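Take this sequence and fold it.
(one chain, ligands or ions: 1)
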Amino acid sequence: MELQPILDRIGAAMAGAADRGRVADYIPELARASTVPFGMAVVTADGRAHATGDARVPFSIQSVSKVFTLAIALGRLGDQLWTRVGREPSGLAFNSMIQLEHENGIPRNPFINAGALVVTDAILSGHAPREVLGEILRFLREAAGDDDIHINRAVAASEQATGHRNLALAHFMAAHGNLVNPPELTCGTYFHQCAIEMSCMQLARAGRFLIGGGATGPRLVSPARVRRINALMMTCGHYDGSGDFAFRVDLPGKSGVGGGILVIAPGRASIAVWSPGLNEQGNSKLGTEAVEWLAREAGWSVFG
Ligand SMILES: NC(=O)CC[C@H](N)C(=O)O
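A predicted model of the protein is given here:
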């Protein structure tokens, strides 16, 4: 099967798509983005790369960063992490507060904001935010095999200035004894990890360690952990849109409000797509359509 012609067709169709979704406007720096760009990159298990559109333009990875901090936290704490965060889909928006009160400050999963704050808090313990951000960047650069990955300070500052909801989630968890560090420090670190910028090509390469099954690239976590991270991406990676994404795409994925999605075809490929316009659940509209199309044409599915 030739991947490049499939990507070329997807790229051309997406460039001309009329309904492109709406950019996230609750973070002022992201509200300035245009819905025009579309990019996609695929790195297959044998290391070959294919791309279309704006696949080399850096964008704000936002919640896609949660996959990498989860991998770091599991490496650091192992299964102990699961005493502080659950493994169930939430069925609610990524920044919802309502469940947290019912469930005594234990977030449903590591990919909603509350859960990601716990994960960041866990890797922050005993370290300065700057050290932890350095570790996250090192992990990403090693995973991607590319040192040109940085934090956009303006995006981090913009989110910090308007991050009341995330601070509220963090304070609420602190009240339940589920936050070790001061909420301001945990949130500050989290805002900066979300403000990391990568291109589709860099993100697809960074996702190689999740392909499993002897794929090329650095082996950063154990095979058992690769399966578990993929399971969580499949069930929780798109918040209250997770079921719909699983139904349409058949593959694990993690979205971000910058319009990026990292998708894994286990044993076959790592895929990154970017288009800033979002759907109702805050997931890239054209990005979802593009990976749905690619998975169908390539015949990639976790269900055989
Ligand atoms: N879904 C997302 O990408 C959310 C990330 C964003 N930084 C926030 O905390 O609101």
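
For Thr235, list the residues it contacts.
Applying C-beta atoms under 8 Å, 6 or more residues apart in numbering to Thr235 gives the contacts 87-89, 109, 242, 246. (C-beta placed from N, C-alpha, C; glycine too.)

What parts of the chain come near the ligand?
62-63, 94-95, 113, 159, 166, 194, 256-257, 282 (C-beta under 6 Å from any ligand atom).

and the contacts of Thr235, which are buried?
For those, a burial check counting by 16 or more other C-beta atoms under 10 Å picks out 89, 109, 242, 246.

Could you check how far the third one is from the ligand?
Pointing back at Ser242 there. 12 Å (C-beta to the nearest ligand atom, to the nearest Å).

What of Asp8?
From Asp8 to the ligand the distance is 29 Å (C-beta to the nearest ligand atom).

didn't that residue look like it was pressed against Ala51?
No. Between Asp8 and Ala51 there is no contact under C-beta atoms under 8 Å: 10.0 Å.

which of these two has more neighbours?
Ala51 (21 against 15; other C-beta atoms under 10 Å).

Helix, strand, or coil at that one?
What DSSP: H, G, I helix; E, B strand; the rest coil gives for Ala51 is strand.

Am I right that it is in contact with Cys200?
Yes. Between Ala51 and Cys200 there is a contact under C-beta under 8 Å: 6.7 Å.

Which residues are in contact with each of those two?
With C-beta under 8 Å, 6+ apart as the test, Ala51 and Cys200 both reach 39-41.

The residues of the chain next to the ligand in helices, which ones?
113, 159, 166, 194 (DSSP state H).

which residue packs closest to the second one, ignoring adjacent ones?
Right, Glu159. Phe191 (4.4 Å; C-beta to C-beta, 6 or more residues apart in numbering).

Check the burial of that neighbour by counting its neighbours.
Phe191: 24 neighbours (other C-beta under 10 Å).

repeat for the one 3 residues further on
Neighbours of Cys194 under the rule other C-beta under 10 Å: 30.

Equivalent analysis for Asp79, please.
8.

okay, now the domains of the chain?
Domain assignment for the chain by automatic domain parsing gives 3-60+198-298, 63-196.

what's the most buried one of those domains?
domain 3-60+198-298 (a mean of 21; mean count of other C-beta atoms under 10 Å).

Find the closest residue to the ligand in the stretch 1-150 of the chain.
Ser63 (3.0 Å; C-beta to the nearest ligand atom).

Could I get the contacting residues of that residue?
Here Ser63 is in contact with 94, 111, 113, 116, 194, 254-257 (C-beta under 8 Å, 6+ apart).

Setting aside sequence neighbours, what's the nearest residue to the residue in the stretch 101-250 of the chain positioned nearest to the ligand?
Of all residues in the stretch 101-250 of the chain, the one sitting closest to the ligand is Cys194 (3.5 Å; C-beta to the nearest ligand atom). In space, and not counting its chain neighbours, Cys194 is closest to Gln62: 4.8 Å by C-beta to C-beta, 6+ apart.

What backbone torsions are found at Arg22?
Torsion angles at Arg22 (phi, psi; degrees, to the nearest 10) stand at phi -120, psi 140.

Show me what it bridges to in the sheet.
Beta-bridge partners for Arg22, by DSSP bridges, are Leu278.

Quick one: the helices in the protein, in order.
3-15, 28-31, 65-77, 98-102, 113-124, 129-144, 153-161, 164-175, 183-194, 200-206, 223-236, 242-249, 285-298.

if I look at the one residue sitting closest to the centre of the chain, how far off is Phe94?
Closest residue to the average C-alpha location of the chain: Val64 at 1.4 Å, with C-alpha atoms, centre = their mean. With distances taken as C-beta to C-beta, to the nearest Å, Val64 is found 12 Å from Phe94.
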